[in-house]
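Q: coords please:
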Amino acid sequence: MDFYTVDAEDLNEFMVRKIKNTANETKNNNYFGYVTKICFKETLDIIDADGRIIGEFTAKIRESYSDLASRSLIISVHSSKMYEGNKDIEMSLITNCTIDFHTFEEKWSQLSKNQCKTLMISRSSNEKTINVNVTSNNDELLDQKRIIPIEFTEKMLTEGMNVAYMRYLAIIGYNGTIHNKAAISINGKLYKAIYVCSSEDSHQINSVCIPVYIIKRTLYRDGMPQSQNIDMTSVLSRAGYLLEHSWNMHESSRKMKIPKSLVVMDNGEMCMDSLINLRNNWERDIRFKSLYLDKVTEIKSQYNSYLKNNVLVKEMIVDYIKEVLSIKPENVLKFSIEYFENIQEK
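A: Sure thing, here's the model as predicted:
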């Protein structure tokens, strides 16, 4: 893994300079080095305080070929909630941005308590302002084309761009604190953002200790009480894969974690444990489920045949039922255990 020492204030400039240097060195249509590494899809389970899976989170980044003059990324993020085997979309986000995050368009929709909010945010290459539109489920326009102060415009990282940015930080192994970023909420509120980045050589993920990269992200507003800050902690592999994510808020007991069927390899990449995956998902495979049902039917037939053709078993069951009805024990389970233990001893 390559490690770079960069001042936080110069991190964006470092990214652009590194990309331009790579562009000068290559004459083909291959991805730039870091763009290749952050372009992948990942899936995490959303779990509650009791460890039950209540939803699914997916994030995917790919390179866009629509404009070869300026490299761009398409970032899609979705989360769903699960109930009775079904899934409902809870959050959907799609972002199209240049790799330097200067020009972007993002649509972010979120459903909660029967209310749907949608944030549309964009900035063109020749504009110094950011256009913001927030609508509710009744198409009421809450905010339109706000004039974002220049201090936020140049430092803006939307939620989609944040996914790419954190992957990048993990891959280059950046350690330190980054203060010069801004963010926007689904309600269109502006926040300043702090990223505290560090590495940990041994962190337990699914009962296995591995080296990880940790990002603590705080969103805050000047003059706002610290208790209203939005604090998040993300644990990533050294290859930029999100392994765990939690919200440090009193009202949120949910967190995200990679499925148990996924294994983190030495290089930080992810792979599927076939046996665990089969054990957890065999019911979704028609072939395996058909084999299972055939086996269940076969075993039931064997049991019925055994009971039907074995006179001693029949007599034993009849004697047991007579004994239960005669004695009427308060604890039937305890009585049954003792009854059959006595038979075994005889």
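
Q: Could you pull out the helices in the stretch 201-346 of the chain for me?
A: 274-281, 286-309, 311-327, 332-345 (DSSP state H, counting those that start in this stretch).

Q: Check the offset of the second one from the chain's centre.
A: So the one you mean is helix 286-309. 39 Å (C-alpha atoms, centre = their mean, to the nearest Å).

Q: Report the mean per-residue pLDDT for that helix.
A: The average pLDDT within helix 286-309 is 85.

Q: Compute the distance between residue 203 and residue 71, please.
A: 33 Å (C-beta to C-beta, to the nearest Å). C-beta coordinates here come from the backbone N, C-alpha and C atoms, glycine included.

Q: What is the neighbour count of residue 35?
A: Other residues near residue 35 come to 20 when the count uses other C-beta atoms under 10 Å.

Q: On the pLDDT front, check it for me.
A: In this model, residue 35 carries a pLDDT of 86.

Q: That one in helix, strand or coil?
A: Following DSSP: H, G, I helix; E, B strand; the rest coil, the label given to residue 35 is helix.

Q: backbone phi and psi for the spatially most central residue of the chain, please?
A: Centroid-nearest residue in the chain: residue 44, 3.5 Å away (criterion: C-alpha atoms, centre = their mean). Dihedral angles of residue 44 (phi, psi; degrees, to the nearest 10) stand at phi -130, psi 150.

Q: Tell me which residues touch it, please.
A: 56, 57, 58, 242, 245, 256, 257, 258, 259 (C-beta atoms under 8 Å, 6 or more residues apart in numbering).

Q: quick one on the thing from earlier: could the helices of the stretch 201-346 of the chain go into TSV alongside distance to residue 124 and mean neighbour count?
A: Below are these laid out as TSV (distance: least, C-beta to C-beta, whole Å; neighbours: other C-beta atoms under 10 Å):
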stretch	distance to residue 124	mean neighbour count
helix 274-281	44	12
helix 286-309	49	10
helix 311-327	81	11
helix 332-345	73	11
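
Q: Test my guess that residue 270 contacts residue 262.
A: Yes - Residue 270 is within contact range of residue 262, at 5.3 Å (criterion: C-beta atoms under 8 Å).

Q: Compare these two (neighbour count), which wins?
A: Set side by side, residue 270 and residue 262 show more neighbours around residue 262, with 21 against 17, by other C-beta under 10 Å.

Q: Flag the shaky bits of the stretch 201-346 of the chain, pLDDT-wise.
A: For the stretch 201-346 of the chain, the stretches flagged by pLDDT under 70 are 249-252, 272-282, 284, 345-346.

Q: Are any of the contacts of residue 44 buried, and if so which?
A: The neighbour count (16 or more other C-beta atoms under 10 Å) marks 56, 57, 242, 245, 256, 257, 258, 259 as buried among the contacts of residue 44.

Q: which strand in the chain runs the most residues?
A: strand 190-205 (DSSP state E).

Q: what comes up buried for it?
A: Here strand 190-205 shows 190, 191, 192, 193, 194, 195, 197, 203, 205 as buried, counting by 16+ other C-beta under 10 Å.

Q: got a list of what the closest residue to the fourth one other than its chain neighbours touches?
A: Just to be clear, that refers to residue 193. Closest residue in space to residue 193, ignoring its immediate chain neighbours: residue 181 at 4.1 Å, by C-beta to C-beta, 6 or more residues apart in numbering. Counting by C-beta under 8 Å, 6+ apart, residue 181 makes contact with 155, 156, 157, 192, 193, 194, 195.

Q: Name the nearest of those relative to residue 124.
A: residue 156 (13.4 Å; C-beta to C-beta).

Q: Counting neighbours, what do you get for the nearest residue to that closest one once chain neighbours are set aside?
A: Nearest non-adjacent residue to residue 156, counting by C-beta to C-beta, 6+ apart: residue 182, 5.0 Å away. Residues lying near residue 182 (other C-beta under 10 Å) number 20.
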